[in-house]
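# Sharing a sequence plus its predicted fold:
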Amino acid sequence: MPLQMALNSVLLVDDSTAVRSRLAGILAELNGVGEIREASNLSEARLQLQDFCPDTVVLDIEMPGGSGLEMLDELRAGQPGGQVIV
């Protein structure tokens, strides 16, 4: 059975502008994807999450200023039902 994922809203967290741009472009072409926000580091991601509750968060593991795994722990605590792609 294929994995079903809600992608109505997505937060892309990656220090690479090229990666974020490419992923945002791919997601924008999918039906049902509404809002796509981007963050280049954990601090920006935390700011985005203050007023944005995405269905899915895409995390880079290694970024300046912190690990995506650190953010994963925070997301599990604050949004236990949310989907995270690392």
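Perfect, thanks for sending it.
# Contacts only, for the residue lying closest to residue 39 once chain neighbours are set aside.
Sequence neighbours aside, residue 45 is the residue nearest to residue 39 in space, at 4.0 Å (criterion: CB to CB, 6 or more residues apart in numbering). Yep, even glycine has a C-beta here, placed from its N, CA and C like the rest. By CB atoms under 8 Å, 6 or more residues apart in numbering, the contact list for residue 45 reads 11, 13, 39, 57, 71.
# Mind checking which of the residues you listed are in helices?
residue 71 (DSSP state H).
# CA-only coordinates of the helix or strand encompassing the residue nearest to residue 39 in PDB, if you can.
Using DSSP states H and E, residue 45 sits within helix 42-51. Taking C-alpha atoms only, helix 42-51 is exported to PDB below (Å, rounded to 0.1, in the frame of the first residue of the first chain):
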ATOM      1  CA  LEU A  42      16.500  26.400  12.400                       C
ATOM      2  CA  SER A  43      16.000  29.900  13.700                       C
ATOM      3  CA  GLU A  44      14.000  30.900  10.600                       C
ATOM      4  CA  ALA A  45      12.100  27.600  10.800                       C
ATOM      5  CA  ARG A  46      11.200  28.400  14.400                       C
ATOM      6  CA  LEU A  47      10.000  31.800  13.400                       C
ATOM      7  CA  GLN A  48       7.900  30.400  10.600                       C
ATOM      8  CA  LEU A  49       6.300  27.900  13.000                       C
ATOM      9  CA  GLN A  50       5.100  30.600  15.300                       C
ATOM     10  CA  ASP A  51       2.300  31.500  12.900                       C
END
